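Enquirer: Turn this into a model:
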Amino acid sequence: MSDKKFKEAATSVQSTPAVSDDQVVRSRAMSPFGELDRMFDSLFARDWMLPHRWERLTGLKSTMPRVDILDKDAEVILRAEIPGIEPQDVDVSVTDRTVTIKGESHRESRKEEGDYYRCEISQGSVMRTVDLPCDIDADKAEATFKNGILEVTLPKLKEAHRRKLHIKA
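Expert: Reported below is the predicted structural model:
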């Protein structure tokens, strides 16, 4: 690895927030299926079958959009990254504990003269079901879509009251 790449890698590692081993163990114990979901996400996100990707073998390309989930006092906010898909082609369904996002991009059909040197732009679909950290009021959920980011605001059924605890020595 060159010195430049090593320095860039070291800088990116230092900028990531630290998570204690205790937090990781607790989160895995509380949600074993969530951990399994994360393992599958990491497996399929690495192009592990290059140069024989599944979408090349089947002609289909389906991806899982990346999400951020913010747990606030009165609501849960889910942001999903789904670029290249129009808002009318996105379907969001909500239950008391899950959000499912489905979408499909459509390829324009144009006749072009000559042979393609490389053709990577194609139609595809996205789908992901996300477990939520608490019960939400599905009837009051709202969604917005801007610049390839879907944001779903999910009001909680019971507002969480947080307080700071004093630690006794």
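
Enquirer: Can you tell me, leaving aside adjacent residues, what's nearest to Gly148?
Expert: Nearest residue to Gly148 in three dimensions, chain neighbours excluded: Pro83, at 3.4 Å (C-beta to C-beta, 6 or more residues apart in numbering). Yep, even glycine has a C-beta here, placed from its N, CA and C like the rest.

Enquirer: what secondary structure does that neighbour sit in?
Expert: What DSSP: H, G, I helix; E, B strand; the rest coil gives for Pro83 is coil.

Enquirer: Okay, domains of the protein per the record?
Expert: Following automatic domain parsing, one gets these domains for the chain: 19-48, 61-108+122-160.

Enquirer: Out of these, which one sits most buried?
Expert: Of the domains of the chain, the one with the most neighbours on average (mean count of other C-beta atoms under 10 Å) is domain 61-108+122-160, at a mean of 15.

Enquirer: among the domains of the chain, which is nearest Ala169?
Expert: Taking C-beta to C-beta as the criterion, Ala169 comes closest to domain 19-48 out of these, the separation being 18.7 Å.

Enquirer: could you give me the average pLDDT of the closest one?
Expert: Domain 19-48 comes out with an average pLDDT of 62.

Enquirer: Can you pull out the low-pLDDT segments for this structure?
Expert: For the chain, the stretches flagged by pLDDT under 70 are 1-32, 42-62, 107-113, 116-122, 160.

Enquirer: would you list every one of the strands in it?
Expert: 62-63, 67-71, 75-81, 90-94, 98-105, 124-131, 142-146, 149-155 (DSSP state E).

Enquirer: And the contacts of the fourth one?
Expert: Residues outside strand 90-94 that contact it (C-beta atoms under 8 Å, 6 or more residues apart in numbering): 82, 99-103, 136, 138, 141, 143, 145, 150, 152, 154.

Enquirer: Using JSON lines, lay out the strands of the chain together with distance to Arg162.
Expert: JSON lines is the format used below for these (distance: least, C-beta to C-beta, whole Å):
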{"stretch": "strand 62-63", "distance to Arg162": "35"}
{"stretch": "strand 67-71", "distance to Arg162": "10"}
{"stretch": "strand 75-81", "distance to Arg162": "14"}
{"stretch": "strand 90-94", "distance to Arg162": "24"}
{"stretch": "strand 98-105", "distance to Arg162": "23"}
{"stretch": "strand 124-131", "distance to Arg162": "21"}
{"stretch": "strand 142-146", "distance to Arg162": "24"}
{"stretch": "strand 149-155", "distance to Arg162": "17"}
